[in-house]
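Peer 1: got a predicted structure plus its sequence, pasted below:
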Protein chains: 2
Amino acid sequence: MADILHRIGVTAAPEDVYTALTTVDGLSRWWTVDTDGDPSPGGVLRFRFAPGGFDMSVLEASPGTRVLWEVVDGPEEWKGTRIGFDLKREDGFTVVLFRHEGWREPVEFMYHCSTKWAIFLMSLKRLLETGTGEPAPHDVRISNWH
Amino acid sequence: MADILHRIGVTAAPEDVYTALTTVDGLSRWWTVDTDGDPSPGGVLRFRFAPGGFDMSVLEASPGTRVLWEVVDGPEEWKGTRIGFDLKREDGFTVVLFRHEGWREPVEFMYHCSTKWAIFLMSLKRLLETGTGEPAPHDVRISNWH
């Protein structure tokens, strides 16, 4: 098993970061504009990109502290993996500890997704600090795989 | 053991990417301006940042295909870990598969370094595609840890 890990800090309050992670409107402003579904625990969120997308079951949503999803549909490598966001306050920043865990093998697609997650987390940071994120299809291109 | 993985694609030729990874001038234009040492196999490279830095022993440098370093001095969590860059040509891009492997524990510093590596690899991409990278201390800030 292999995990993707990231850490960013944003100057917004934990409540605002939490809103960006637990509302369709918030998620569509930093990850992909084509987002819908039910962001509450037990619900399923649907994220779509040009080449396909992901359905996430919301396992946990604890206001201001933690969001956890499980991938229930999408690319074979993603199915059954979990994506978590832990929030804490430190030095005037809301720190986001991000984990995409449970990859069965460190395939090349995992390398790509790791870098792409960093790009999208920086989009989340930008959204919260400037009011404008860079969600797909307006995301920063990193390679031939986009 | 835990690894940081990333994948980027740059429109420059493999030889140019290789030069940016194996010369003091190249490295100082995307990672940190305070770089010196001997980038040939068996040499030691010295990278410095405001809070400290890393000394890397060059284990391998195969023109146009592979660069591998081992951390011989720096933060405790980095010592003994290895940093590799594998290059290949695909769809008009030089693909860089990056690996910082052998972390003993997935500590919070590893989360930070994972995101920061993505930022610096995008700086490498920018250097090769536009002529100007964003090496420390001009790097993109991601959090309270910089």
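Peer 2: Looks like it arrived, so ask away.

Peer 1: got the angle for the longest helix seen in chain A vs helix B:108-130?
Peer 2: If you go by DSSP state H, chain A has its longest helix at helix A:108-130. Computed by axes from the mean of the first three to the mean of the last three CA atoms, to 10 degrees, the angle separating helix A:108-130 from helix B:108-130 equals 90 degrees.

Peer 1: and helix A:108-130, how far out from the chain's middle?
Peer 2: Chain-centre distance of helix A:108-130: 8 Å, with CA atoms, centre = their mean, to the nearest Å.

Peer 1: elements contacting it?
Peer 2: Here helix A:108-130 touches strand A:2-10, helix A:14-22, strand A:93-103, strand B:2-10, strand B:93-103, helix B:108-130, going by 3 or more CB pairs under 8 Å, 6 or more residues apart in numbering or on different chains; DSSP states H and E. (C-beta placed from N, C-alpha, C; glycine too.)

Peer 1: quick one: buried residues of it?
Peer 2: Of all the residues in helix A:108-130, those buried under the rule 16 or more other CB atoms under 10 Å in any protein chain shown are A:109-128.

Peer 1: dump the helices and strands packed on helix A:108-130 into TSV; add mean pLDDT as well.
Peer 2: What follows is these, written out as TSV (pLDDT from 0 to 100):
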stretch	mean pLDDT
strand A:2-10	98
helix A:14-22	98
strand A:93-103	98
strand B:2-10	98
strand B:93-103	98
helix B:108-130	98
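
Peer 1: export those to JSON lines and tack on distance to A:Phe85?
Peer 2: Below are the helices and strands packed on helix A:108-130 laid out as JSON lines (distance: least, CB to CB, whole Å):
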{"stretch": "strand A:2-10", "distance to A:Phe85": "10"}
{"stretch": "helix A:14-22", "distance to A:Phe85": "6"}
{"stretch": "strand A:93-103", "distance to A:Phe85": "6"}
{"stretch": "strand B:2-10", "distance to A:Phe85": "19"}
{"stretch": "strand B:93-103", "distance to A:Phe85": "21"}
{"stretch": "helix B:108-130", "distance to A:Phe85": "12"}
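
Peer 1: between the ones you listed, which one is nearest to B:Thr23?
Peer 2: With CB to CB, the closest approach to B:Thr23 among those belongs to helix B:108-130: 12.1 Å.

Peer 1: what's the closest non-adjacent residue to the residue in chain A sticking out farthest from the centre?
Peer 2: Computed with CA atoms, centre = their mean, the maximum C-alpha offset from the centroid of chain A is found at A:Asp91, amounting to 23.2 Å. Closest residue to A:Asp91 apart from its sequence neighbours, by CB to CB, 6 or more residues apart in numbering or on different chains: B:Asn144 at 4.0 Å.
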